[in-house]
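Novice: need a structure here:
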Amino acid sequence: MKIALFYGSTTGNTEDIAEIVQATLGSDTVDLFDVAEESLTEAAAYDFVILGIPTWDYGEIQSEWEDVWDDVDEIDFNGKAVALYGLGDQVGYGEWFLDAMGLLHDKVLARGGRMIGYWPTEGYQFEASKALTKDGKQFVGLALDEDCQNELTDQRVKQWLEQITAEFKGA
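Specialist: Numbers count the residues shown, from 1 in each chain. Below you'll find the model as predicted:
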């Protein structure tokens with residue numbers, strides 16, 4: 001199983017998570033792609049894709065993702081299992097927590113992606129999010145808050161990787 005992981009990172013947090021994913025699953029399994037340097041068209045060569053995106057300010061797309069945002073619409077995700085992880089600040093920006101991940105989810109889903117890796121909302125305190133499932137009980141991907149809950153990141157990533165690895169294998 002070969003996995004492509006695309007991320008955009010301004011402060012380095014989203015990149016750090018990408019590197020943890022690669023180190024945990026193995027560099028022979030996960031290929032990293034920084035969206036600032038690599039084309040999203042590379043996803044065409046993979047059946048398994050992970051996308052990492054932080055939310056900025058008031059629910060905004062991170063700048064490097066914003067630069068390639070329209071490119072997502074050109075990718076055929078049919079037949080691909082896609083998992084997302086997002087970073088945000090649930091206290092300082094609780095009205096827009098992980099909105100960028102929700103917007104990316106909707107774009108990939110519209111392009112045929114089979115979305116996996118949904119994550120429970122328990123343990124988070126936020127006002128609103130575009131990254132919630134319709135029933136509001138799950139995020140559309142792994143929710144990380146390096147500003148307010150960084151002590152929970154390692155365990156959350158480990159648990160999520162176990163979950164998506166099983167879901168990828170079931171794809």
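Novice: Next, the distance between the ends of stretch 27-39.
Specialist: One end of stretch 27-39 to the other measures 20 Å (C-alpha to C-alpha, to the nearest Å).
Novice: pLDDT of it, averaged?
Specialist: In this model, stretch 27-39 has a mean pLDDT of 97.
Novice: and if you look at stretch 150-170?
Specialist: Stretch 150-170 comes out at a mean pLDDT of 95.
Novice: Go through it and flag the buried ones.
Specialist: Thr153, Arg156, Val157, Trp160, Leu161, Gln163, Ile164, Thr165, Glu167, Phe168 (16 or more other C-beta atoms under 10 Å). Where C-beta positions appear, they are placed from N, C-alpha and C, glycine not excepted.
Novice: and the residues you listed as a markdown table, adding secondary structure?
Specialist: Output for those, formatted as a markdown table (DSSP: H, G, I helix; E, B strand; the rest coil):
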| residue | secondary structure |
| --- | --- |
| Thr153 | helix |
| Arg156 | helix |
| Val157 | helix |
| Trp160 | helix |
| Leu161 | helix |
| Gln163 | helix |
| Ile164 | helix |
| Thr165 | helix |
| Glu167 | helix |
| Phe168 | helix |
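Novice: which residue ranges form the strands in this protein?
Specialist: 3-7, 30-34, 48-56, 60-61, 81-87, 114-116, 119-120, 138-139, 142-144 (DSSP state E).
Novice: so which of these gets nearest Ile75?
Specialist: strand 48-56 (9.2 Å; C-beta to C-beta).
Novice: residue ranges with poor pLDDT in this protein?
Specialist: Scanning the chain for pLDDT under 70 picks out 171.
Novice: re the thing from before, and the buried residues of stretch 150-170, which is closest to Ile75?
Specialist: Closest to Ile75, out of all of these and judged by C-beta to C-beta, is Phe168, at 18.3 Å.
Novice: residues in contact with the closest one?
Specialist: For Phe168, the contact set (C-beta atoms under 8 Å, 6 or more residues apart in numbering) comprises Met1, Ile3, Phe48, Ala81, Ala83, Ile116.
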